[in-house]
Every structure is written in structure tokens, then in C-alpha cells.
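Asker: no sequence for this one, just the structure:
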């Protein structure tokens with residue numbers, strides 16, 4: 001049984017089929033499940049179910065599974081822990097629970113907030129930092145899937161990359177945030193045609209601006225700075241294959257970048273972003289407005305506004 005089979009664990013489904021295993025692939029998106037079955041073949045049984053509904057009453061989940069890979073990303077600890085317990089109840093062998101970086105413990109892997117149970121091991125996801133550049137990236141579905149299967153094979157806890165460890169301990173509250181200012185953005189959600197590509201492009205850009213990964217689930221990611229977060233989601237309800245910024249709707253997003261303008265521009269091409277109006281950079285917006293304009297593969301445009309940013313009428 002693989003939960004999150006159409007997202008970061010899709011490569012794990014294909015690897016299990018290559019090993020000669022029968023796989024029950026669980027996700028919510030029926031179209032993505034159908035695509036997975038088309039690729040993987042008859043060894044895969046697709047089950048569309050909400051694993052957080054507290055019941056898991058689907059008939060296809062009434063049987064017992066030999067082993068399981070669980071990629072869960074609920075909004076709170078209790079919901080996620082409950083889903084893990086209900087799913088593991090249907091597993092006779094080893095369950096590998098994959099934990100996103102928000103679960104990072106203050107010390108050893110075994111000191112985290114998740115319940116320890118028999119026949120369950122954990123893979124804690126972190127980030128990889130390039131020692132030469134300091135650049136931080138999140139791991140790909142291929143890397144996560146390979147690490148999850150390695151944990152399953154060894155039966156021992158593991159970690160992928162360096163966990164983002166909070167300054168406070170897992171049971172200690174962090175500093176209280178001030179009340180949000182009325183009228184400021186709570187969050188912004190962008191629907192994207194390819195989540196893996198969006199994760200690489202937006203993850204790099206937002207990381208350069210100080211955002212940190214906030215939420216992580218099979219169909220989406222989010223990054224947060226202060227009290228505002230930005231979401232990218234590959235929704236099953238998408239009505240078009242790409243974004244067109246010239247149609248009614250969102251044209252572009254603009255971010256303050258301080259003195260990071262040229263640093264970001266220099267690294268943009270290697271991370272899926274293309275500089276627009278290059279012949280007029282960095283004053284494509286006018287002589288009194290120092291900024292860069294970039295677009296990515298999916299057609300989203302961003303404006304990076306440098307400091308100082310003198311206002312001219």
C-alpha cells in the first residue's frame with residue numbers, strides 16, 4: 001500500500017512494480033491515479049479515498065497489506081497521527097511513515113512528536129544545502145521514493161538531507177506572533193500544471209526571498225514568510241493546461257528584494273526563470289524603478305523590486 005502514490009511517491013510505485021510486487025496506490029485525484037495505472041500496468045490497484053476522514057470505510061481498504069509507504073501531510077499533528085494509525089491497522093508487515101520537515105525533532109530522530117509503534121519506521125525529510133553556494137533545495141520525488149524504499153528494506157529509521165530544526169524544542173512554544181494586520185494577505189494560491197516543476201522553480205525563488213516550506217501534501221506545497229504563505233497546487237479541477245497572464249486574472253506577482261536583485265537574477269536561469277526585457281534591465285519599469293521581471297516555464301510572471309525604490313510621478 002502506497003499513500004501519496006500520484007505525488008512524491010509515484011516513482012516508488014513504479015519501483016515496486018519493477019520488483020514484481022502488487023501495489024495498492026492511494027490518492028484523491030482519480031485522473032492522476034488513472035494515469036499512474038496506465039503507466040505502471042495491471043500490478044497497480046488504484047484507490048481514491050480521503051485518508052483523513054477518520055473512517056477509511058472504502059471496501060478496497062478492508063484487506064490486509066504486507067507493507068506500506070505513507071506520505072501524509074495534514075494540517076495538524078492529531079489528524080495526521082490518526083490517519084497513520086488507521087492505515088497501519090491494515091498492514092501486517094512494516095509501515096514506513098514519511099515525515100515532512102515540520103516534524104523535525106530537537107535532537108535525534110527518535111525524539112520527535114510522532115507516536116512510536118511496533119512495525120513502524122520513519123523517514124524524516126529535510127533539505128540539501130550546497131556547501132559551496134549555500135543554496136538550499138528540497139528533494140525530488142525520485143530521491144524521496146528511493147529513500148523510503150531503503151528504509152523499508154532496512155527496517156530502520158532514516159533521514160533524507162538535513163532536517164530544518166526549530167530553535168525551540170518540539171514541545172516548547174515559539175515566540176508568539178503579533179495579530180495580523182487587517183487587510184494584509186493571508187495566503188495566495190497558484191494552480192500549476194506540473195507540481196514537481198513548480199516545486200523546483202517556486203521553491204528556489206521563495207527560498208531566496210526568505211520563505212520557508214510550510215505545508216507539504218501530495219498535490220501541493222506552500223512556503224511562508226511572516227504571516228503570509230504562498231501555495232502551488234496541481235489541482236484535479238484545472239480547466240486549462242497552462243497559465244496565461246494576458247487573460248483576465250493574475251498578471252504578475254511583485255516582491256521586495258532589497259539588495260538581492262542581481263543575485264537572484266544571476267541564478268534565475270538555472271532554476272527555470274527567464275529574464276524579461278533584458279535589453280532594458282534593471283529599469284524596464286521606468287528610470288525611477290529598479291526591478292527585474294522574470295517568467296517561468298508555466299507562464300507565471302514575477303517582478304522583483306530592488307531597494308532603493310524611489311517613487312516618481
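Answerer: Received the coordinates, thanks. Just so you know, these numbers come straight off a predicted model, no measurement behind them.
Asker: measure the closest residue in space to residue 194 that isn't next to it in sequence to residue 190 for me?
Answerer: Spatially, and ignoring its direct neighbours in sequence, residue 194 is nearest to residue 234 (6.7 Å; C-beta to C-beta, 6 or more residues apart in numbering). (Glycine included, C-beta is placed from N, CA and C.) Distance, residue 234 to residue 190, using C-beta to C-beta, to the nearest Å: 10 Å.
Asker: tell me the contacts of the residue nearest to residue 194?
Answerer: Neighbour list for residue 234: 191-195, 198, 219-220 [criterion: C-beta atoms under 8 Å, 6 or more residues apart in numbering].
Asker: and stretch 188-200, what's buried?
Answerer: 190-193, 195-200 (16 or more other C-beta atoms under 10 Å).
Asker: what of stretch 261-278?
Answerer: By neighbour count with 16+ other C-beta under 10 Å, stretch 261-278 contains the buried residues 261, 264-265, 268, 271-273, 275-276.
Asker: mind listing which of those residues are in helices?
Answerer: Using DSSP state H, the subset of the buried residues of stretch 261-278 located in helices is 261, 264-265, 268.
Asker: quick revisit: phi, psi of the residue nearest to residue 194?
Answerer: The phi/psi pair for residue 234 (degrees, to the nearest 10) reads phi -100, psi 90.
Asker: let's see the pLDDT reported for it.
Answerer: On pLDDT, residue 234 comes in at 90.
Asker: likewise for residue 313?
Answerer: 44.
Asker: try residue 132
Answerer: Looking at residue 132, its pLDDT reads 64.
Asker: again, but for residue 56
Answerer: Confidence score, pLDDT, at residue 56: 56.
Asker: over to the one 5 residues further on?
Answerer: The per-residue pLDDT reported for residue 61 equals 65.
Asker: do the same with the one 5 residues further on
Answerer: The predicted local confidence for residue 66 comes out at a pLDDT of 93.
Asker: which regions of the stretch 201-313 of the chain lie under the pLDDT threshold?
Answerer: Applying pLDDT under 70 to the stretch 201-313 of the chain flags residues 308-313.
Asker: please apply the same query to the stretch 1-150 of the chain.
Answerer: Residue ranges of the stretch 1-150 of the chain with pLDDT under 70: 53-62, 74-75, 101-116, 127-138.
Asker: next, the closest residue to residue 50 other than its chain neighbours: phi, psi?
Answerer: In this structure, residue 50 finds its nearest non-sequential neighbour in residue 28, 6.1 Å apart by C-beta to C-beta, 6+ apart. Dihedral pair for residue 28: phi -90, psi -30, per degrees, to the nearest 10.
Asker: go on, residue 16?
Answerer: phi -60, psi -40.
Asker: how close does the closest residue to residue 72 other than its chain neighbours get to residue 288?
Answerer: Nearest non-adjacent residue to residue 72, counting by C-beta to C-beta, 6+ apart: residue 80, 4.9 Å away. Per C-beta to C-beta, residue 80 is found 49 Å from residue 288.
Asker: residue 241 too?
Answerer: 38 Å.
Asker: between the two, which is the more surrounded one?
Answerer: residue 288 (12 against 8; other C-beta atoms under 10 Å).
Asker: any idea which element that one lies in?
Answerer: Counting by DSSP states H and E, no helix or strand carries residue 288.
Asker: just the contacts of residue 234: which are in helices?
Answerer: Those of those lying in helices (DSSP H): 195, 198.
Asker: TSV for the contacts of residue 234, including distance to residue 40?
Answerer: Shown next, in TSV, are these (distance: C-beta to C-beta, whole Å):
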residue	distance to residue 40
191	26
192	24
193	21
194	19
195	19
198	24
219	19
220	23
